[in-house]
Each structure stands twice: as structure tokens, then as C-alpha cells.
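> the following block contains a protein sequence and its predicted model.
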Amino acid sequence: MRGVEAFKELTEEVAEWRHYLHEHPELEYALYNTATFVAEKLASFGINHIETGIAETGIVALIQGELGDGPTIGLRADMDALPIMEASNKPWSSKVPGKMHGCGHDGHTAMLLGAAKYLANTRNFKGTVALIFQPAEEDGRGGEKMVQEGIMERFGVSRVFGMHNYPGLEVGKFMICSGPIQGGLDDFDLIVKGKGGHASTPHHNIDPIVIGAQIIVGLQALVSRCVDPREAFVISVTKMHAGDAYNIIPQNAEISGTVRYIEPHLPKFAEKAILQVAQGIARGFGADVDFDYRRLEPITVNHEAETRLAVEAARGLVGAKAVDDRMKPGMGAEDFAYMLQARPGAYIFLGNGATASVHNPAYDFDDDALPYGIGYWVNLVEGALAA
Ligand SMILES: [Zn+2]
Ligand SMILES: [Zn+2]
């Protein structure tokens, strides 16, 4: 296990890669320039097993250790940006209007490249490291698609690890927990079907706006009155559309939102209960609802033994006190969940300091965090694949 000083000499070069990626953000699966950049860098480190075009623009590259045969572990970085107009005012701000690396995936990609360079030089481990660069994390499908395209089987990956930066946590600190670490994500759409008419004669109509407003309040009561208060559960109504004029009661109102949870039994409950509440309120006024509920991303669940390996790697780098191994799970979703369903592994958070939050136009990955992320990957490999 090496302390962070061993990785600081890489920082300047990795920061240059990060700035290049930041200036050239790409979205979802269309990561053509990003993937080319990553593949060329990997080849320049002397890595000769590089497979591109997985899940469209994903990459898996293999580095063999020099300490003999052993298992293969996967290290995953996400590469995609967000459809946001950047307002960070950094010299390396996005050159593509309306697109920016607002979640720090430029930092994640650069850190895994930095670790790849180090590991390809030193090869101080047994077995094999599989570097997994995935597209479309924000879309929530890239990780799933890489698993569906068989990367775990094809490359013999037996354990898999992920990392994400965390604004608000000091640079040089890590957070993780065993078990659920990020919530599951479902979305829903409701159409309240009323009866439109003149705004001056509400008694001749069935007003979907008033009914919709009561449904929204009813859904919040579902959270506070029908779910065990010890179980984290969120229903957020995030869209509401109805009407076009001052003097018309519209025919329909559309309500959409998202559901987040840590307990695996809650999506089934939510799907049933949201419909019951919405239907009950609507029918009470002579209206009805159409309802669509979609289970999108599973809960991200860390495995116990791999969480221990991750904690050891981070503590070896920054000391015991700088690694919180009992963080409270977050409610945001993460498509690394699909990789953790396929293989045991662990996902860890890396401090990004007092920056704007992820997905904010002023956000930027903190370059000071680079050697911590690189060092974490190297320690993890040398620990998990020690001779
Ligand atoms: Zn994000
Ligand atoms: Zn992200």
C-alpha cells in the first residue's frame, strides 16, 4: 500500500487529459472523440489488449500482472457528459455549447487512465486488471448494456469496482458502506382525465387541475403515512402540465415524477400505491387516470468482502481517519448497480472539496482529487491481486 505522495508526480499529466476531456464533452453513447482519446492513451502505455465498440463506444482493456496467474478484477470509469450550459468559468470550460462534464466523469476517466499508466509500468500484481470505460451512465443504460454484451464473461471478470467524486466531502477523504450505497430509481407518468369546458362553469366540467393538485398532496402523504419511517423513500413530482388558456378548464392534466428507495420491497409498493391514491382521488370527482410506472435502475448494493478491500485500499492511501466506512446511503441512482448485480464488488465516493454540486452549471471536478483516485485504484489492484 502506497501513500498518496507516490501518485502526485502523475497529477500534472492526468490533469491535462482531464482538461482536454472537459473541453470536449460528449453525451450518452455518442462518445466517439472521447473513446478514441482513451484508446490512444491506453495504447501509448504499452497496453496491447484493447477492445473498443462495446455498448457502442465503451472500451475494455486488459493489463497482465507480472506476479503470476490470478483472477481478473474490473475497474470501471464512466465517460459521458451532460446536456448543461457550462458556467464554471474555468480556462478548460466546455467548447461545445449546451454540453458539459457536470458530473466529473472527465475526472473519473482521467484517473482510470492515470492508474492504467502506472499499472502498465509497474505490473506489481498477479492475474489481470480489466479497465472498463463505459458510455451513457447519465442515461442509466450504458452499464447495463456492457453487462448485457457479456463483458464479465468475455474478460473473465470475477470482481468489479467503481468510484464517483463527491462535492462537499474534503479532497483526500473517502466514503463507503457495505450493503446499499445508492438508491433505486423508478419514474411514473399520470394522466388525470377530466372533462374540459368554460372556466366560468366549473359545475359542468370535471377539473383535472384541482384533482391533480390533490393527487400530488396525496402522494406525499403516502410517503409519510404508509411507509415505515425507518425506510428511506422519496416520491418527487417533477413535471405538471395542464391547460393553455385563462378561460378554459382543460380536458387532461399530466403529472410525472420519480421514486427513490433503498429497500427492495418498495418499488412494488410504490407502483400499486401511487395508482390507488391517484385513482381513488380522481374517481371521487368523477375523473379517472392513466398510469405508467417504469422500474429504471436497481439499488446499488456493495458486497461485504469487496467493501473491505476498498476500505483497506483507501486507508492505505490516506490513513484510517480519512475513510468513513459507514456512510449513510445516498438516494441518487447509479448504473454501476448493474455491474454489481453481475459480479461482487464495491463502489466508493472520493472527496471533491467545496465545489458546486454535480449537475450544477458551475460544477467542476477538482484536480487536487486526481492523485487520490489514481492511488486508490493502484492500491486496490495491488491489494486484491497481491501474490
Ligand atoms: Zn451524474
Ligand atoms: Zn456521475
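Looks like it arrived, so ask away. Ligands and ions are numbered 1, 2, ... in the order given.
> gap between the closest residue to Y29 other than its chain neighbours and P180?
Using CB to CB, 6 or more residues apart in numbering and skipping the chain neighbours, the partner closest in space to Y29 is E56 (4.2 Å). To be clear about C-beta, it is placed using only N, CA and C from the backbone, and glycine gets the same treatment. Applying CB to CB, to the nearest Å, the value for E56 to P180 is 29 Å.
> what's the neighbour count on the residue nearest to Y29?
18 (other CB atoms under 10 Å).
> average pLDDT for the strand or helix carrying G257?
For G257, the host element (DSSP states H and E) is strand 252-261. Strand 252-261 shows a mean pLDDT of 97.
> and if you look at stretch 190-205?
97.
> and L340, how many neighbours?
L340 has 27 neighbouring residues, counting by other CB under 10 Å.
> that one and E297 touch, don't they?
No - counting by CB atoms under 8 Å, E297 is not a contact partner of L340; they are 11.6 Å apart.
> what's the overlap in contacts for those two?
Overlap of the contact sets of L340 and E297 (by CB atoms under 8 Å, 6 or more residues apart in numbering) is empty.
> what ranges does the stretch 101-250 of the chain have for its helices?
105-122, 142-148, 151-154, 208-226 (DSSP state H, counting those that start in this stretch).
> how many residues are close by the nearest residue to G142 once chain neighbours are set aside?
Spatial nearest neighbour of G142, excluding adjacent residues (CB to CB, 6+ apart): A136 at 3.1 Å. By other CB under 10 Å, 25 other residues sit near A136.
> list the contacts of A136.
Counting by CB under 8 Å, 6+ apart, A136 makes contact with E28, Y29, A55, D80, G142, K145, D335.
> please redo it, this time with the cut-off set to 10 Å
27-31, 55-58, 78-80, 142-146, 335 (CB atoms under 10 Å, 6 or more residues apart in numbering).
> list buried residues within the residues you listed.
Listed as buried from the contacts of A136 are 27-29, 31, 55-58, 78-80, 142-146, 335; burial here means 16 or more other CB atoms under 10 Å.
> among these, which are in strands?
G58, D78 (DSSP state E).
> residue ranges with poor pLDDT in the stretch 251-387 of the chain?
Within the stretch 251-387 of the chain, no range satisfies pLDDT under 70.
> and the strands in it?
Per DSSP state E, counting those that start in this stretch, the stretch 251-387 of the chain carries strands over the ranges 252-261, 288-297, 300-302, 323-324, 345-351.
> need those strands in JSON lines with mean neighbour count and distance to R308, can you?
Formatted as JSON lines, these follow (neighbours: other CB atoms under 10 Å; distance: least, CB to CB, whole Å):
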{"stretch": "strand 252-261", "mean neighbour count": "21", "distance to R308": "26"}
{"stretch": "strand 288-297", "mean neighbour count": "16", "distance to R308": "25"}
{"stretch": "strand 300-302", "mean neighbour count": "24", "distance to R308": "10"}
{"stretch": "strand 323-324", "mean neighbour count": "19", "distance to R308": "12"}
{"stretch": "strand 345-351", "mean neighbour count": "25", "distance to R308": "8"}
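> which of those sits closest to V157?
Between V157 and the strands of the stretch 251-387 of the chain, the shortest gap by CB to CB is with strand 345-351, which sits at 9.1 Å.
> could I get the CA-only coordinates of stretch 231-239 as PDB?
Presented in PDB, the C-alpha positions along stretch 231-239 are these (Å, rounded to 0.1, in the frame of the first residue of the first chain):
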ATOM      1  CA  GLU A 231     -37.100   3.100   5.500                       C
ATOM      2  CA  ALA A 232     -35.800   5.800   3.200                       C
ATOM      3  CA  PHE A 233     -38.300   6.600   0.500                       C
ATOM      4  CA  VAL A 234     -38.800   9.600  -1.900                       C
ATOM      5  CA  ILE A 235     -41.600  10.500  -4.300                       C
ATOM      6  CA  SER A 236     -40.900  13.700  -6.100                       C
ATOM      7  CA  VAL A 237     -43.400  15.100  -8.600                       C
ATOM      8  CA  THR A 238     -41.200  16.900 -11.100                       C
ATOM      9  CA  LYS A 239     -43.500  17.700 -14.000                       C
END
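> so how far is that stretch from its chain's centroid?
From the chain centre to the centre of stretch 231-239 is a distance of 18 Å (CA atoms, centre = their mean, to the nearest Å).
> cool, and stretch 367-384?
19 Å.
> tell me the buried residues in it?
Within stretch 367-384, judged by 16+ other CB under 10 Å, the buried ones are 367, 369-384.
> picking that back up, and the strands of the stretch 251-387 of the chain: which comes nearest K126?
Here strand 345-351 is closest among the strands of the stretch 251-387 of the chain (CB to CB), at 18.6 Å.
> the closest one pairs with which strands, parallel or anti?
Next to strand 345-351 in the sheet, as set by DSSP bridges, lie strand 157-166 (parallel), strand 174-175 (antiparallel).
> same list, those, but as a markdown table with distance to I47, mean neighbour count and mean pLDDT please.
Shown next, in a markdown table, are those (distance: least, CB to CB, whole Å; neighbours: other CB atoms under 10 Å; pLDDT from 0 to 100):
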| stretch | distance to I47 | mean neighbour count | mean pLDDT |
| --- | --- | --- | --- |
| strand 157-166 | 16 | 25 | 98 |
| strand 174-175 | 27 | 23 | 98 |
